[in-house]
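**Q** Structure for the following, please:
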Amino acid sequence: MARIRAAIAEPIDLHPRRTKLYAIATTTHTREIAECEWLATLRRMRFAVDYRVVLLIATSVIALCPGNAGAQEGDATAGAAVFKKCATCHVADSDTNKVGPSLKGLFGRKAGTHPNYAYSAGMKAAGEGGLVWDETVLRDYLHNPKGKVKGTKMAFVGVKDDQEITNLIAYLKQYSQ
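**A** Here you go, the predicted model:
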């Protein structure tokens, strides 16, 4: 028991500035001595957090959780290369229709409403149901066109690579301003 009491009476180093805490147990009860040792350990742990650790954690959180996590930045130049898959049926830089409707001014447009284009009944119904083209809707549609809009005339199977879709969206946004 004297050995435990002597260990508790030793100074405990809490901080790099060498602040000392003397935890002296005045009782011989084992439980109270154990509680005193436990409290001393907690006090050491509390002061062990260094500003460098806090800075490291804060930097990690900022790097891994950007303010606008949902939005991805795409490369419009790479999107132009992806658009070549679409260019046989669509145009993005002018308001003329080809086999498919023009994609100029696509974002914010209600589905199935571009003038002078004969849309499928499925696309018209989707537009009447409230489908408006934005990044999320277009991303889903490009992944699986027939799955997003039942009865669409678009025969394209979709783009499976998320980065290609992100780049394609960046390309199309140039012509939707």
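
**Q** contacting residues around residue 96?
**A** residue 102 (C-beta atoms under 8 Å, 6 or more residues apart in numbering). Bear in mind the C-beta positions are built from the backbone N, C-alpha and C, glycine included.

**Q** Please renumber the chain so that the first residue is 730 from this point on.
**A** Okay, residue one is now 730; in that scheme the one you just asked about reads as residue 825.

**Q** tell me the SS of it?
**A** When classified by DSSP: H, G, I helix; E, B strand; the rest coil, residue 825 comes out as coil.

**Q** Kindly provide the distance from it to residue 853.
**A** Counting by C-beta to C-beta, to the nearest Å, the gap from residue 825 to residue 853 is 21 Å.

**Q** Can you list the low-confidence ranges for this protein?
**A** 730-787, 789-801 (pLDDT under 70).

**Q** now the helices for the chain?
**A** Assigned by DSSP state H, the chain shows helices spanning 731-738, 759-777, 780-793, 805-812, 850-857, 864-872, 874-877, 891-902.

**Q** what about residue 858, neighbour count?
**A** Neighbourhood size, residue 858 [other C-beta atoms under 10 Å]: 11.

**Q** for the one 4 residues further on, same thing?
**A** Number of residues near residue 862 (other C-beta under 10 Å) recorded here: 20.

**Q** That one reaches residue 840, doesn't it?
**A** Yes. Between residue 862 and residue 840 a contact is recorded at 6.4 Å, counting by C-beta atoms under 8 Å.
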